[in-house]
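Engineer: Task: produce atomic coordinates for the following.
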Amino acid sequence: MLIVATEDELSEAIALRLVHEARRGPIEIKTMRKSGFGYLKINVHKFCQIAVRRPVLVITDLDRTECPPSLMSKWFGKRSKPPGLVFRVAVREIESWLLADRTGLAGFLGIATTKIESPPDLIPDPKRYLLRLARSAKSEIRRDLLPADKVRASQGFGYNRRLCAFVEQSWSAARAASASASLARARYRIEEMMMTTCDENA
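Structural biologist: The predicted structure follows:
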């Protein structure tokens, strides 16, 4: 069994897509997530304990932390990370990994590829940037991604549903990894994990 722990629904969709692309055979997956990174940070020691017995994949956002090593230092302290734990950081948010597939995202939004900046790992606020792009998107996508007029929300009610569908149906991890260093590293480590992981019931 593989444990996949993420911050939110969108991060989980991307993590599962990466796992399924990298797997070498059948594998049972258990997902663990709540809203935000707090749940992951508080329970990182538990994930380390679980990883002694079975593989664990944790994906979190860098957000405003200076760099991934700094974030890991804050979360793990002097605690050693077991070999069974793959801990990856999206720079700076999971949305940057969506932006990295410029061809796929441009087609999804119905905009020109040239409107999407690259490399996405250098965009300070990827989610806000994606929402700005969504203002030029096709009407049905714009309605889902953007908050309604006079509604105090950072995103539309259909934000996660619509973007998760994009991840499952159109997003290319291979294209995205060529533009995002943080995704390329995550993809490599997940592929490495899958090479040594098999279904306990196989």
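Engineer: Same question for the residue located most distally from the centre of the chain, what's its three-state structure.
Structural biologist: Most distant residue from the mean C-alpha position of the chain: Lys150, 29.6 Å away (CA atoms, centre = their mean). Assigned by DSSP: H, G, I helix; E, B strand; the rest coil, the conformation of Lys150 is coil.
Engineer: what separates Ile94 from Met195, distance-wise?
Structural biologist: Relative to Met195, Ile94 is positioned 24 Å away (criterion: CB to CB, to the nearest Å). No exception for glycine: its C-beta is placed from N, CA and C like everyone else's.
Engineer: neighbour count winner among these two?
Structural biologist: Set side by side, Ile94 and Met195 show more neighbours around Ile94, with 25 against 11, by other CB atoms under 10 Å.
Engineer: if we can go back for a sec, what does the pLDDT read for the residue farthest from the centre of the chain?
Structural biologist: Per-residue pLDDT puts Lys150 at 74.
Engineer: do Glu200 as well
Structural biologist: Looking at Glu200, the pLDDT reads 47.
Engineer: likewise Ile190?
Structural biologist: pLDDT at Ile190 comes out at 97.
Engineer: shaky segments in the chain?
Structural biologist: In the predicted model, the chain carries pLDDT under 70 at residues 198-202.
Engineer: mind redoing it with 80?
Structural biologist: Along the chain, segments meeting pLDDT under 80 span 150-151, 197-202.
Engineer: can you map out the strands along the protein?
Structural biologist: 2-6, 29-33, 56-61, 85-90 (DSSP state E).
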